[in-house]
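Asks: Okay, here's the prediction I keep looking at, along with the sequence it came from:
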Amino acid sequence: MSFYSSVNTSYDNNELLKIIDSRTEKDVEIALSKTKLDEMDLIALLSSKADKYLDVMGELSRKITIQRFGKTIKLYTPMYLSNECINSCVYCGFNIKNKIDRISLTSKQIEDELAIILNYGIKNLLLVSGDSPKIYTDEMIVEAVQIAKKYFPYVAIEVRALDQEIYKALNNAGVDGLTMFQETYLEDEYNTFHPAGPKSDYKYRLSAPERAAKAGIRNIGLGSLLGLTDYRLEMFYLNLHTRYFMKHYPTTHISASFPRLRSSAGQFAPKYEIKDKDLYKSIFAYRLFNNDAGINISTREPQELRDRLIYLGATIMSAGSKTDPGGYSNENHNAEQFSIDDDRSVEVITSTIKSSGYEAVMKDWF
């Protein structure tokens, strides 16, 4: 049984929004008094009535995170392999219709990029690629992983959805983790944002993390792109997806990201504004509902917010990020997926984590 068949078809979104809007302060207080939350508690914490309790939620999130993870922040750096893409995702800088420089790194260029990232001191790497299987093939992704594993003990991938046998080959090549954002869990709206290309297959993408877990990849990162739809619905399903994984794949470590839309080629204008308080509430509710899941805050977010979340629930952060292939060695081309916000150096981010009383984990052997 998949997440899609067991959970994602069980709810009517309009009715769900009515339930969220009907929650009371008493419902929020009941949820905050529990150590094990159910779905109705989660709904209460995502409601507008929970806004009054953000400080309480943040303190509970802080305590749970320290209990489960200690005072540590795992750092990683993304490296883009290719921005070739045949999808038409309306929000993405790699959209096939956008006029950007299209670049796919050669093996030599991968080595050059890795050498620069190694100097950062971070040994946790995320390899990222667009979706163009004829130009940047499955075999090329496997080869890139093999190259990266010569230098990095932890290598994760954020690439197109793949078949289970390809995930198995990647696992054998040394892949430690997979990041796979569903972008939106709302099936009725999914094709509005993904009108053409392989990524338009909602069910195939939604089931990709399970195929990866079955192939032996032990770290799975989930997420929803905030700004496309009502964030309360997205966060409800993201939480249920996480809990589903923890139940059915207990040896797999799950984390979640909470990316807000950033500017990119194509200039997509999001319909929904995700304010800082909405993001904090989403993260705190996630921590209270999923005590043992990681929380990833990327350089999409401003430094002030990231610095606060060091104390309030984050366990994973990116640093020194570039979002274009070859970006570490060449900053003069027009090839990025989106603009970042926190552009501080790895050294500065590491220093900030340490001055906050936390340990910056530069090498993860999990």
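Replies: Thanks, I have it.
Asks: where does the chain have its least confident helix or strand?
Replies: helix 3 (a mean of 85; mean pLDDT, DSSP states H and E).
Asks: What mean pLDDT does the following helix or strand past that helix get?
Replies: Counting by DSSP states H and E, the element after helix 3 in chain order, helix or strand, is helix 13-21. Mean pLDDT, helix 13-21: 96.
Asks: which other residues reach helix 13-21?
Replies: 43, 46, 47, 48, 186, 188, 230, 232, 233, 236 (C-beta atoms under 8 Å, 6 or more residues apart in numbering). For the C-beta atoms, the positions are set from N, CA and C on the backbone; glycine is no exception.
Asks: The longest helix along the chain to helix 13-21, inter-axis angle?
Replies: Longest helix in the chain, counting residues (DSSP state H): helix 231-248. Helix 231-248 runs at 100 degrees relative to helix 13-21, counting by axes from the mean of the first three to the mean of the last three C-alpha atoms, to 10 degrees.
Asks: buried set for helix 231-248?
Replies: By neighbour count on 16 or more other C-beta atoms under 10 Å, the buried set for helix 231-248 is 231-246.
Asks: Quick check on the contacts of helix 13-21: which are buried?
Replies: 43, 46, 47, 186, 230, 232, 233, 236.
Asks: How much space separates the closest residue to the fourth one other than its chain neighbours from residue 57?
Replies: Spatially, and ignoring its direct neighbours in sequence, residue 186 is nearest to residue 229 (5.3 Å; C-beta to C-beta, 6 or more residues apart in numbering). Residue 229 is 23 Å from residue 57, where distance means C-beta to C-beta, to the nearest Å.
Asks: do residue 280 as well
Replies: Distance of residue 280 to residue 57, computed by C-beta to C-beta: 8 Å.
Asks: Could you list the buried residues of stretch 329-344?
Replies: In stretch 329-344, counting by 16+ other C-beta under 10 Å, buried: 335, 336, 337, 338, 340, 341, 342, 344.
Asks: Any chance of the buried ones among the contacts of helix 13-21 in CSV with distance to residue 290 and pLDDT as columns?
Replies: Shown next, in CSV, are the buried ones among the contacts of helix 13-21 (distance: C-beta to C-beta, whole Å; pLDDT from 0 to 100):
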residue, distance to residue 290, pLDDT
43, 15, 98
46, 13, 98
47, 18, 98
186, 20, 96
230, 20, 97
232, 16, 98
233, 17, 97
236, 12, 97
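Asks: Quickly check those residues for the two that are furthest apart.
Replies: Greatest spacing in the buried ones among the contacts of helix 13-21, by C-beta to C-beta: 47 and 186 (18.3 Å).
Asks: Average pLDDT for stretch 133-152, rounded please.
Replies: Model confidence over stretch 133-152, given as mean pLDDT, is 97.
Asks: So what touches it?
Replies: 79, 81-82, 84, 104-105, 107, 110-111, 114, 118, 123-125, 127, 129-130, 155, 157, 159-160, 162, 166, 169-170, 173-175, 198.
Asks: Any regions of the chain where pLDDT drops low?
Replies: Low-confidence regions of the chain, defined by pLDDT under 70, span residues 1, 8-9, 263-266, 331-332, 365-366.
Asks: if you set the cut-off to 80 instead, what comes out?
Replies: Counting by pLDDT under 80, the chain has low-confidence residues at 1, 4-9, 262-267, 269, 331-336, 338, 364-366.
Asks: Show me the residue sitting in the middle of it in space.
Replies: residue 257 (3.4 Å; C-alpha atoms, centre = their mean).
Asks: Isn't that one up against residue 225?
Replies: No. The pair residue 257 / residue 225 is not scored as a contact, 9.3 Å apart, by C-beta atoms under 8 Å.
Asks: shared neighbours of those two, which are they?
Replies: residue 181.
Asks: which residues of the stretch 101-250 of the chain fall in strands?
Replies: Using DSSP state E, counting those that start in this stretch, the strands found in the stretch 101-250 of the chain span residues 124-129, 154-158, 177-179, 219-223.
Asks: Give me the distance between the nearest residue to residue 45 once chain neighbours are set aside and residue 199.
Replies: Using C-beta to C-beta, 6+ apart and skipping the chain neighbours, the partner closest in space to residue 45 is residue 285 (4.0 Å). According to C-beta to C-beta, residue 285 stands 28 Å off from residue 199.
Asks: So which of the two has more stuff around it?
Replies: residue 285 (27 against 22; other C-beta atoms under 10 Å).
Asks: any idea how far the residue lying closest to the residue nearest to the centre of the chain once chain neighbours are set aside lies from residue 236?
Replies: Among residues not flanking residue 257 along the chain, residue 223 sits closest, at 3.8 Å (C-beta to C-beta, 6+ apart). Distance, residue 223 to residue 236, by C-beta to C-beta: 14 Å.
Asks: now do residue 342
Replies: Taking C-beta to C-beta as the measure, residue 342 falls 28 Å from residue 236.
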